[in-house]
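K.L.:
got a predicted structure here, sequence first:
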Amino acid sequence: MQVNMSSRRTHVSDRLQDLTRSKLSRLDKYVPGLERADVHFCEERNPRIADKEICEVTVEGHGHHVRTKVTAPDPYTAIDLATGKLEHQLSKLKSKLHRHEHNGEYSIRLDPTAVPAPVSTLVEENVAQIVKKKQFIIDPMTAEDAVLQMELLGHDFFLFTNVDTNMSSVVYIRDDGDIGQIDSA
């Protein structure tokens, strides 16, 4: 697995890089064929915050994107916590894929080659601005698969093409913790 590391306001030592690579290489046992991991370390500068080290990890492979973000008092603890969360998420994905596997093909697919659109900015002040735009191919999937992708990405909604209706749909987490679905007409 290719591991890309970056940092902001903190230094990533060689020891931390080696530890991170070794921990992330073990994730392949959950879902074989993980291609890439992007790891970003950041230090919070607010003196009132106890857990100053932030570690965000995004793992990609087989069209799946799994992301986690943790905070800890030091970067070594942060990578331990992040790896634990990723193991849990990939374990859920593995069991879900095992149940949906048929003819050697996975039923959940995202386009890993999708490229985000350029960022658009507005010059007017005191107006909400669109600061990021993305474009991606939306493959048909069931609502259950969309819920799984939403959970793996850590988002509170997910846009997908419903395989039953071939129309755009959104699944989202309701205030009561249940899942809602909105279908286009």
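P.N.:
Okay, I see it.
K.L.:
could you export stretch 15-23 as PDB, CA atoms only?
P.N.:
Only the C-alpha atoms of stretch 15-23 are listed here, as PDB (Å, rounded to 0.1, in the frame of the first residue of the first chain):
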ATOM      1  CA  ARG A  15      10.200   6.900  13.600                       C
ATOM      2  CA  LEU A  16       6.600   8.100  13.400                       C
ATOM      3  CA  GLN A  17       6.600   7.600   9.600                       C
ATOM      4  CA  ASP A  18       7.900   4.000  10.000                       C
ATOM      5  CA  LEU A  19       5.300   3.300  12.700                       C
ATOM      6  CA  THR A  20       2.500   4.700  10.600                       C
ATOM      7  CA  ARG A  21       3.500   2.700   7.600                       C
ATOM      8  CA  SER A  22       3.800  -0.600   9.600                       C
ATOM      9  CA  LYS A  23       0.400   0.000  11.300                       C
END
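K.L.:
next, count neighbours for the closest residue in space to E35 that isn't next to it in sequence.
P.N.:
Once flanking residues are discounted, E35 sits nearest to G61: 4.4 Å by CB to CB, 6 or more residues apart in numbering. The way it works is simple: take the backbone N, C-alpha and C, and place the C-beta from them, glycine included. As a burial measure, G61 scores 19 neighbours (other CB atoms under 10 Å).
K.L.:
G61 is in contact with L27, isn't it?
P.N.:
No. G61 lies out of contact with L27 (CB atoms under 8 Å); the separation is 9.3 Å.
K.L.:
between the two, what contacts are shared?
P.N.:
Common contact partners of G61 and L27 (CB atoms under 8 Å, 6 or more residues apart in numbering): 1, 34.
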